[in-house]
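Chemist: here is a sequence with its predicted model. Questions after.
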Amino acid sequence: MAEILLSEAEKAFIHHGVQDDLRCDGRSRLDYRPIVLETGLVSNASGSARLRLANSDILVGVKVELSTPTPEKPLEGRLEFFVDCSANATPEFEGRGGENLANEICRFLQRSYASESILNLTELCVLPGQQCWILYADILILECGGNLYDAVSLAVKSALYTTQIPSIKIATMDGDQPELELSDDPYDIKRLDTQNVPCLVTLMKIGNHYLVDPTPEEECCSSSGIIVAVSGDKKITAVRKIGSGSLHSDSLISMLKARRGAKTHLNSNLGCIQLINSKRISISKHFLF
């Protein structure tokens, strides 16, 4: 992201606010900013979601296609991520400036979803060793307002929850080759079980304290932090250190414990999450982690 220039007085003000558990925008250290979620926006996608976390704006579209499974996993489908940073999001993304960040987010998502308990990919198998569904999650970063990893993970989980996979019937055999027929019923679909899909929690260290959902100004005041991928069954599927500063092992353990408090705050403060969808209750149950 583009560098934000802060004076020493501004940095000291942010440090003192974090120390007193009263940040510049009135939040405590473990509070998230308001979240607005919309689903079903992209008509030509199988599932889509747009999430706004303060000034961060993320659009995710999921498309499903039939393809051949990999030789290593002939009984499973696949989930692939693609991240693109809009040049309008920040001046740094002009040209090829956003490629490094896009690749980092994509790799960390792949690591976070690598566990077999996250998604039952065998449900995506149509013909063992021959045909399977591939899910392409296209992520577009429209605007950067801090805490991109968390916002992207929540948008991806919401898009996967709304993804509709067409039902396929195997027709009578023509010689040795089976014929696949898509159901004509638009309601004859299946959905993914996203209960264990991970959400990312970013914890930044400022002074001797840790905070979640950092603003760009707070990110500038922190030299180190971690990003933790937490699945629905409360397991950590991936951890990544960010920043140029070092972290003591005791600090890392403390930050991993702090992410539990962040999860509790986010789950209990449903008032800060506005779901623009008629199925508010059913989505929110799977949307949070």
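Modeler: Structure received.

Chemist: quick check: which element contains the closest residue in space to Thr215 that isn't next to it in sequence?
Modeler: Counting by C-beta to C-beta, 6 or more residues apart in numbering, Gly146 is the residue found nearest to Thr215 once chain neighbours are left out, at 4.6 Å. Quick note: C-beta positions are derived from backbone N, CA and C, even for glycine. Under the criterion DSSP states H and E, no helix or strand holds Gly146.

Chemist: for Cys220, see how far away Gly146 is.
Modeler: 10 Å (C-beta to C-beta, to the nearest Å).

Chemist: between the two, which has more neighbouring residues?
Modeler: Neighbours were counted for Gly146 and for Cys220 using other C-beta atoms under 10 Å; Gly146 has more, 23 against 18.

Chemist: any idea how far that one is from Cys24?
Modeler: 12 Å.

Chemist: between those two, what contacts are shared?
Modeler: Thr215 (C-beta atoms under 8 Å, 6 or more residues apart in numbering).

Chemist: so who does Ser115 touch?
Modeler: Ser115 touches 231, 235, 237, counting by C-beta under 8 Å, 6+ apart.

Chemist: quick one, which of the residues you listed are buried?
Modeler: Among these, those buried by neighbour count (16 or more other C-beta atoms under 10 Å) are 231, 237.

Chemist: now the contacts of Ser115 in JSON lines, with distance to Val212 and pLDDT?
Modeler: Formatted as JSON lines, the contacts of Ser115 follow (distance: C-beta to C-beta, whole Å; pLDDT from 0 to 100):
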{"residue": "Ser231", "distance to Val212": "18", "pLDDT": "88"}
{"residue": "Lys235", "distance to Val212": "19", "pLDDT": "87"}
{"residue": "Thr237", "distance to Val212": "18", "pLDDT": "91"}
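
Chemist: which parts of the stretch 151-289 of the chain are helices?
Modeler: Along the stretch 151-289 of the chain, counting by DSSP state H, counting those that start in this stretch, helices occupy 216-220, 249-268, 280-287.

Chemist: flag the shaky bits of this protein, pLDDT-wise.
Modeler: Scanning the chain with the threshold set as pLDDT under 70 gives 1-3, 95, 97, 172-176, 246-289.

Chemist: what count of nearby residues applies to the nearest residue to Ser112 once chain neighbours are set aside?
Modeler: With sequence-adjacent residues excluded and distances taken as C-beta to C-beta, 6+ apart, Ser112 is closest to Ala229, at 3.7 Å. Residues within reach of Ala229, counting by other C-beta under 10 Å, total 26.

Chemist: repeat that for the one 10 residues further on.
Modeler: Neighbour count of Val239, defined by other C-beta under 10 Å: 16.

Chemist: which residues touch it?
Modeler: Counting by C-beta under 8 Å, 6+ apart, Val239 has contacts 226-229, 256.

Chemist: ok, now how distant is it from Gly225?
Modeler: Counting by C-beta to C-beta, the gap from Val239 to Gly225 is 11 Å.

Chemist: before we move on, back to that, most neighbours among the contacts of Val239, which one is it?
Modeler: Ala229 (26 neighbours).

Chemist: surely that one touches Thr237?
Modeler: Yes - here Ala229 lies in contact with Thr237, judged by C-beta atoms under 8 Å, at a distance of 4.6 Å.

Chemist: shared neighbours of those two, anything?
Modeler: 111-112, 198.

Chemist: that's all I had, so thanks and see you.
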